[in-house]
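**Student:** the amino acid sequence is not available; the structure is as follows:
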């Protein structure tokens with residue numbers, strides 16, 4: 001038997017999630033759907049590795065055996081998620097996601113001070129096959145990806161900007177890699193953070209104070225929270241616009 005190719009070995013995800021003590025909070029419940037608040041540090045779906053069994057889906061089906069997820073949040077991202085409680089509702093809501101009639105908003109803390117009060121990041125995203133599970137910006141093979149942002153507050157402790165993100169598209173790691181390429185990585189980001197933020201900030205704003213590096217890199221979680229979700233109820237047709245408060 002021949003040995004597996006070296007490039008296939010490089011694609012194996014060796015990540016083991018540490019125990020998550022945070023609890024899922026039910027924001028809304030009826031016979032068809034759930035709206036939940038996912039804690040940071042919890043997988044959306046169980047991983048292939050049996051040590052990564054704990055997840056949003058695994059916990060939910062203990063009490064809601066027919067629950068299915070309509071979308072995912074990254075391991076480190078907290079906030080609002082929509083859950084279907086039966087197959088037909090899953091299908092109806094999936095069509096809304098495909099038609100992009102579901103509105104999403106995220107709150108994030110970014111390294112440094114962003115000069116503009118609002119803007120658009122338009123950079124195509126592709127899988128980085130040599131550095132799984134990373135994504136990369138690729139203008140030749142990447143899929144279109146657009147993120148709108150609006151500054152909510154500029155902070156000094158930590159030296160950061162609180163922003164509201166509206167992802168027009170929904171690519172894997174989109175907000176994280178767009179923030180990095182923008183020169184202001186999301187605080188606490190282990191995959192796309194840490195390098196060049198102070199330099200980029202100085203380029204945007206020559207009067208910006210020198211950042212305290214210890215405060216910029218000491219976050220224990222990804223500072224990204226799914227704050228708002230708006231969609232049409234699959235049965236009643238009522239427009240639901242729910243806000244899940246951000247605690248940072």
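**Tutor:** Noted; the coordinates are in hand. Values in this document were obtained by computation on a predicted structure and should not be read as measured data.
**Student:** can you list the residue ranges for strands in this protein?
**Tutor:** All strands of the chain, identified by DSSP state E, fall at 25-29, 33-38, 68-69, 78-84, 103-111, 118-122, 125-127, 135-137, 146-155, 160-167, 224-232, 239-243.
**Student:** could you export the ones you listed as CSV, including mean neighbour count?
**Tutor:** All C-beta spots, glycine's among them, are computed from the backbone N, C-alpha and C. Formatted as CSV, these follow (neighbours: other C-beta atoms under 10 Å):
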stretch, mean neighbour count
strand 25-29, 13
strand 33-38, 21
strand 68-69, 18
strand 78-84, 24
strand 103-111, 23
strand 118-122, 14
strand 125-127, 19
strand 135-137, 18
strand 146-155, 16
strand 160-167, 20
strand 224-232, 20
strand 239-243, 12
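**Student:** among those strands, which comes closest to residue 61?
**Tutor:** strand 68-69 (9.0 Å; C-beta to C-beta).
**Student:** if we can go back for a sec, of all the strands of the chain, which one is nearest residue 46?
**Tutor:** Short answer: strand 68-69, nearest of the strands of the chain by C-beta to C-beta, at 11.2 Å.
**Student:** return the list of helices and strands in contact with the closest one.
**Tutor:** Judged by 3 or more C-beta pairs under 8 Å, 6 or more residues apart in numbering; DSSP states H and E, the packing partners of strand 68-69 are helix 56-63, strand 78-84.
**Student:** mean pLDDT and distance to residue 171 added to those, as a markdown table?
**Tutor:** Shown next, in a markdown table, are the helices and strands packed on strand 68-69 (pLDDT from 0 to 100; distance: least, C-beta to C-beta, whole Å):
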| stretch | mean pLDDT | distance to residue 171 |
| --- | --- | --- |
| helix 56-63 | 98 | 20 |
| strand 78-84 | 98 | 18 |
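**Student:** could I get these as TSV with distance to residue 182?
**Tutor:** Shown next, in TSV, are the helices and strands packed on strand 68-69 (distance: least, C-beta to C-beta, whole Å):
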stretch	distance to residue 182
helix 56-63	29
strand 78-84	21
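**Student:** can you get me a residue count around the residue nearest to residue 59 when sequence neighbours are not counted?
**Tutor:** Excluding its sequence neighbours, the residue lying closest to residue 59 (C-beta to C-beta, 6 or more residues apart in numbering) is residue 24, at 5.8 Å. Neighbour count of residue 24, defined by other C-beta atoms under 10 Å: 18.
**Student:** quick one: contacts for residue 55?
**Tutor:** By C-beta atoms under 8 Å, 6 or more residues apart in numbering, the contact set of residue 55 is 42, 43, 44, 45, 46, 47.
**Student:** pLDDT score for the fifth one?
**Tutor:** Residue-level confidence at residue 46 comes out at 97, pLDDT.
**Student:** good, we can wrap up now.
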